[in-house]
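Asks: need a structure here:
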Amino acid sequence: MMPFSPKKSRFSPYSRQGFISFEGAQLIFVVILLFIFIAVFPRLFSKEVKFIPLNQKMDYFSGIDVHGNEHWFHDIKGKLNLVVFGASWCIACAQSMNDIESIYQKYSNKDFKVIYIAIENSLEGMEKFEKRFSPSYLMLLQNEDILKLFNTPSAIPSYFILDSSGVLLYKSVGYFPKPEIKSLMKKVQK
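Replies: Residues are numbered from 1 along each chain as shown. Below you'll find the model as predicted:
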């Protein structure tokens with residue numbers, strides 16, 4: 001007679017439907033890391049931007065601020081203007097707000113303006129976003145004319161630098177390109 005040996009159970013609480021196995025969690029983690037690496041890698045090794053003006057003349061545009069006031073580009077423009085497209089639900093946009101503010105504070109005395117175009121469905125959404133960050137620069141609600149003029153940015157955040165006559169000098173999509181914008185501004189202001 002053989003000694004009693006309990007049968008090994010193959011039951012695992014993670015083998016039931018609806019649970020992710022340890023291997024599945026590892027795979028998800030690796031995919032997330034790969035995505036982050038791909039998104040960040042170009043910025044880790046960025047070089048100085050070569051200044052090549054795009055020379056595309058942009059039409060003047062207008063937008064409404066959180067108080068319902070309409071602002072026209074020709075009334076608020078500076079010598080250089082950074083037009084930023086972003087949204088309250090965009091993590092990279094929220095992370096770039098401090099960088100935008102620091103660039104604005106550094107160059108605002110040199111007739112540099114920032115115009116933030118909020119991709120929001122309502123003034124209330126933009127108002128919450130503005131209260132969260134309290135920017136020193138103007139925030140306008142997006143509209144069809146602005147989106148058409150800027151060719152509906154393919155991703156947000158998106159950045160455009162325009163001169164005083166509305167000529168497009170620089171554009172960038174993705175997380176805030178602070179070194180590139182600083183380099184560009186130094187070359188433009190000479």
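
Asks: give me the phi and psi for Tyr170.
Replies: Main-chain torsions, Tyr170, degrees, to the nearest 10: phi -160, psi 150.

Asks: so it bridges to which residues?
Replies: In this entry, Tyr170 is beta-bridged to Ile161, by DSSP bridges.

Asks: surely it meets Lys182?
Replies: No - Tyr170 is beyond contact range of Lys182, at 11.7 Å (criterion: C-beta atoms under 8 Å). Bear in mind the C-beta positions are built from the backbone N, C-alpha and C, glycine included.

Asks: residues contacting the most centrally placed residue in the chain?
Replies: Geometric centre of the chain, nearest residue: Pro157, 2.2 Å, by C-alpha atoms, centre = their mean. Pro157 makes contact with Val84, Phe85, Gly86, Cys90, Ala92, Cys93, Ser96, Val173, Gly174, Tyr175, Phe176 under the criterion C-beta atoms under 8 Å, 6 or more residues apart in numbering.

Asks: nearest to Tyr116, of those residues?
Replies: Val84 (4.9 Å; C-beta to C-beta).

Asks: excluding its backbone neighbours, what's nearest the closest one?
Replies: Excluding its sequence neighbours, the residue lying closest to Val84 (C-beta to C-beta, 6 or more residues apart in numbering) is Tyr116, at 4.9 Å.

Asks: give the rounded mean pLDDT of the helix or strand harbouring that neighbour.
Replies: Take DSSP states H and E as the rule and Tyr116 turns out to sit in strand 112-118. Across strand 112-118, pLDDT averages out at 93.
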